[in-house]
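1. Sequence unavailable; structure follows:
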């Protein structure tokens, strides 16, 4: 157990990149977004696509349940010992941004028990457009929205949309049925995010997460090549 963590909300840098033995710890990538946007489905698809090339694990967050972790376990996307859950007991953003101790402990316990790991995916519970991860918990963050939520979401902005390292617009196959204009969403996302990347995807098959998986590989390559912080 690791209970000695404190968190400064103003901190803009990641936690120590070293493990206790001096080797580099796993890259931590957070996935946030509104309820039903497809965060868990994206995590599952990433696990299936990357599990043969990387050593990875997952931490999920739900308010009062382990539902997302149980979904991943039922889908057998990773061995059970590589999936753990945090019950936040409050709005999900509190456990990924305000008091990260439970999540940080879960991540470090996974590294102790099944490591060394290359990658840990930390999935937030469903939250609103203001949800962001503390940089003391994750090294990069993905924000997932879906076309069924309305094609005005990118234009509305919010920290999740505007500042996440990667924005994923999910369920593009539903656009004709819900009246969402993908070209408009792309233009609005570009206006809000400038050069930050955006991926449009439909998870009709695991291969359709390939663009996100390639972005993850790029983050891993940069993580492995950069000096430890």
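-> Alright, I've got the coordinates. No experiment lies behind these values; they were computed from the predicted model shown.

2. Got phi/psi on residue 198?
-> phi -130, psi 140 (degrees, to the nearest 10).

3. So what's the residue count around it?
-> 18 (other CB atoms under 10 Å). All C-beta atoms are positioned from the backbone trio N, CA, C, and that covers glycine.

4. now residue 76
-> So residue 76, with other CB under 10 Å, has 12 neighbours.

5. SS state for it?
-> coil (DSSP: H, G, I helix; E, B strand; the rest coil).

6. what about it, distance to residue 60?
-> 15 Å (CB to CB, to the nearest Å).

7. can you check residue 86 too?
-> 7 Å.

8. which one of those two has more residues nearby?
-> Comparing residue 86 with residue 60 by other CB under 10 Å, the one with more neighbours is residue 60, at 28 against 24.

9. How about the more buried one: what's its closest non-neighbour residue?
-> residue 68 (4.0 Å; CB to CB, 6 or more residues apart in numbering).

10. can you tell me how far the one you found sits from residue 61?
-> Residue 68 is 8 Å from residue 61, by CB to CB.

11. cool, residue 159 as well?
-> 18 Å.

12. out of those two, which sits in the busier spot?
-> Set residue 159 next to residue 61 and count neighbours by other CB under 10 Å: residue 61 wins out with 29 against 15.

13. To what extent is residue 221 buried, counted in neighbours?
-> Counted with other CB under 10 Å, residue 221 comes out at 11.

14. Need the phi and psi values for it.
-> phi -60, psi -40.

15. Pull out the buried positions in the host helix or strand of residue 103.
-> Assigned by DSSP states H and E, residue 103 belongs to helix 101-114. Neighbour counts over helix 101-114 (16 or more other CB atoms under 10 Å) mark 101, 102, 103, 104, 105, 106, 107, 108, 109, 110, 111, 114 as buried.
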